[in-house]
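Colleague: based on what follows, work out the 3D shape:
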Amino acid sequence: KALQIMAATLYMYDDNCKDALRAVSSASNMEQRALLVQLYLRMDRLDLAQKQLAAMRSVDEDSTLSMLATAWVNLSLGGPKVQEAAYIYDELIDKYGASPLLLNGLAVAKMHQNQWDEAESALKEAITKVPSDPDTLANIITVSLHMQRSQDVINRYLSQLRAKAPNHALVTSLATFEGAFDRVAASLV
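Modeller: Numbering: from 1, shown residues only. This next block holds a predicted model:
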């Protein structure tokens with residue numbers, strides 16, 4: 001089962017959701033079910049993520065994985081569920097300590113609620129723990145843009161992200177947009 005989770009995780013990081021799903025499709029433990037929730041959310045299949053979450057909660061509603069998966073699904077649902085996700089992240093931080101994963105989750109919930117100062121505070125704490133964490137860098141770039149921080153600050157975080165995770169979704173999206181802009185600009189000259 002551990003090998004299935006490792007294979008699915010590798011496939012997922014390679015954006016190969018089909019093979020990742022195949023690796024854990026017969027989910028028989030909480031870890032596999034949590035990975036399925038992540039995969040379904042990545043594939044924009046909230047309905048399937050909710051079904052998998054229901055299966056997890058029926059086994060152990062209070063497990064850490066069930067709580068994390070609930071927070072992920074609640075963030076995807078939006079609306080009042082985002083506040084519930086923030087409460088879950090706060091509870092997990094109180095219980096296990098402030099890891100970059102939990103701080104990023106909390107920051108995303110705060111961003112959904114337009115609480116940019118609180119999101120920035122969580123991300124600054126996360127970046128002190130792991131300065132090169134790609135998700136923290138991507139999220140702090142987003143917060144910095146919304147809070148109209150100086151371009152120098154944003155560029156510093158973006159340079160770090162490009163150096164540490166050149167294949168991160170934010171980096172590749174920016175490269176695509178920059179390339180399209182350059183092509184249009186060249187055609188106008």
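
Colleague: near the nearest residue in space to Lys129 that is not next to it in sequence, how many other residues are there?
Modeller: With Cβ to Cβ, 6 or more residues apart in numbering as the measure, Pro100 is the residue that lies nearest to Lys129, at 5.4 Å, once sequence neighbours are left out. C-beta coordinates here come from the backbone N, C-alpha and C atoms, glycine included. Residues within reach of Pro100, counting by other Cβ atoms under 10 Å, total 20.

Colleague: quick one: low-confidence ranges for the protein?
Modeller: When the per-residue scores of the chain are filtered using pLDDT under 70, no range remains.

Colleague: grab the nearest non-local neighbour of Tyr11.
Modeller: Counting by Cβ to Cβ, 6+ apart, Tyr11 lies nearest to Ala20, which is 3.7 Å off, once chain neighbours are set aside.

Colleague: just the strands in this protein please.
Modeller: Ranges of strands within the chain: none, based on DSSP state E.

Colleague: residues near Ser28, how many?
Modeller: Per other Cβ under 10 Å, the neighbour tally for Ser28 reads 10.

Colleague: can you tell me the closest non-neighbouring residue to it?
Modeller: Using Cβ to Cβ, 6+ apart and skipping residues adjacent in sequence, the residue nearest Ser28 is Lys1, 7.0 Å away.

Colleague: any idea how far that neighbour lies from Asn104?
Modeller: As defined by Cβ to Cβ, to the nearest Å, Lys1 lies at a distance of 27 Å from Asn104.

Colleague: cool, Trp116 as well?
Modeller: 15 Å.

Colleague: the more surrounded of those two?
Modeller: Using other Cβ under 10 Å as the criterion, Trp116 and Asn104 rank with Asn104 on top: 21 against 17.

Colleague: in this protein, where's the longest helix?
Modeller: Ranked by residue count and defined by DSSP state H, the top helix of the chain is helix 169-188.

Colleague: that one: which residues count as buried?
Modeller: Of the residues in helix 169-188, Leu170, Val171 count as buried by neighbour count, 16 or more other Cβ atoms under 10 Å.

Colleague: which strands or helices does that helix pack on?
Modeller: In terms of contact count using 3 or more Cβ pairs under 8 Å, 6 or more residues apart in numbering; DSSP states H and E, helix 169-188 is assigned the packing partners helix 134-146, helix 151-164.

Colleague: please work out which of those is packed deepest.
Modeller: Using mean count of other Cβ atoms under 10 Å, the stretch among those with the largest mean neighbour count is helix 134-146, at a mean of 21.

Colleague: so that one versus helix 151-164, what angle?
Modeller: Orientation note: helix 134-146 sits at an angle of 160 degrees relative to helix 151-164 (axes from the mean of the first three to the mean of the last three Cα atoms, to 10 degrees).

Colleague: what angle do helix 134-146 and helix 169-188 make?
Modeller: Angle between the axes of helix 134-146 and helix 169-188 is 50 degrees (criterion: the same axes, to 10 degrees).
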